[in-house]
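>>> no sequence on this one, just coordinates:
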């Protein structure tokens, strides 16, 4: 941790803050089923979440990765601080996505989770990381066995205390939204009674609910 006092503060919903710090990982779906509009909304909401937390928390550290054909770390947690210039907002704003679906295939979801886990290991001394997953929720490969394996991988990351996954549901351009919504909810929480997917009322992220989604996630992370 950046602060020297080793204190764990427990707040609502089993969320853990370490010394008042917030550790964020933004994960952006750029696969062929995602539109440029949805990707840009993801960036906008991520920035709102980051800025909202910086305004109320002692110290906010962030990393980001994207995934299409394969996952890619865009910047790591030690790259920026809230006072960096340029900083996290500039870095996220600079992310681009090719409007053509050519070459934007789906990543194997287990490979995405493996890269998330590798980055989580970098945070290990810093405690819990909030993984904000902008995703249509359609797992790949889609076989029942593989889907269950991937969901278990995500749930295990939460169970061991290294991650708290918050899903943001993006529209699937291939008409697979019902399945995506179901699996994203299971990825975000192993408890069927808990909903860690936003919009919490269901549906997909859009221009009308983006502010509400960002505010809800800030409140969830901050325990407000």
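In hand now; what should we look at? Only a predicted model underlies this, so the values are computations on that prediction, with no experimental measurement involved.
>>> just how off-centre is the longest helix seen in the chain within its chain?
Looking across the chain with DSSP state H, the single longest helix is helix 36-56. Distance of helix 36-56 from its chain centroid, counting by C-alpha atoms, centre = their mean, to the nearest Å, is 11 Å.
>>> show me which positions of that helix end up buried.
38-39, 41-50, 52-54 (16 or more other C-beta atoms under 10 Å). Glycine gets a C-beta too; all of them are placed from N, C-alpha and C.
>>> mind checking the backbone torsions on the residue nearest the centre of the chain?
Nearest to the geometric centre of the chain sits residue 132, at 1.8 Å (C-alpha atoms, centre = their mean). With angles defined as degrees, to the nearest 10, residue 132 sits at phi -100, psi 110.
>>> for residue 5, report the pLDDT, please.
For residue 5, the model assigns a pLDDT of 27.
>>> quickly list what residue 197 is bridged to.
residue 167 (DSSP bridges).
>>> could you report the neighbour count for it?
22 (other C-beta atoms under 10 Å).
>>> sorry, back to before: the helix or strand that the longest helix of the chain is followed by packs against which elements?
Counting by DSSP states H and E, the element after helix 36-56 in chain order, helix or strand, is strand 59-67. When contacts are defined as 3 or more C-beta pairs under 8 Å, 6 or more residues apart in numbering; DSSP states H and E, strand 59-67 packs onto strand 21-29, helix 36-56, strand 71-75, helix 88-93, helix 109-122.
>>> let's see that with 10 Å instead.
Judged by 3 or more C-beta pairs under 10 Å, 6 or more residues apart in numbering; DSSP states H and E, strand 59-67 is in contact with strand 21-29, helix 36-56, strand 71-75, helix 88-93, helix 109-122, strand 129-135.
>>> the residue nearest to the centre of the chain: what's it in contact with?
Shown in contact with residue 132 (C-beta atoms under 10 Å, 6 or more residues apart in numbering): 24-28, 42, 45-46, 49-50, 62, 64, 164-168, 198, 214, 217, 220-221.
>>> go with 7 Å
By C-beta atoms under 7 Å, 6 or more residues apart in numbering, the contact set of residue 132 is 24, 26, 27, 46, 49, 166, 168, 217.
>>> distance of the closest residue to residue 82 other than its chain neighbours relative to residue 81?
Once flanking residues are discounted, residue 82 sits nearest to residue 54: 4.8 Å by C-beta to C-beta, 6 or more residues apart in numbering. According to C-beta to C-beta, to the nearest Å, residue 54 and residue 81 sit 10 Å apart.
>>> pull the number of nearby residues for the nearest residue to residue 71 once chain neighbours are set aside.
Among residues not flanking residue 71 along the chain, residue 115 sits closest, at 4.2 Å (C-beta to C-beta, 6+ apart). Residue 115 has 18 neighbours, counted by other C-beta under 10 Å.
>>> same check, this time on residue 209
For residue 209, using other C-beta under 10 Å, the count is 18.
>>> then residue 176?
For residue 176, the count of nearby residues is 15 (other C-beta under 10 Å).
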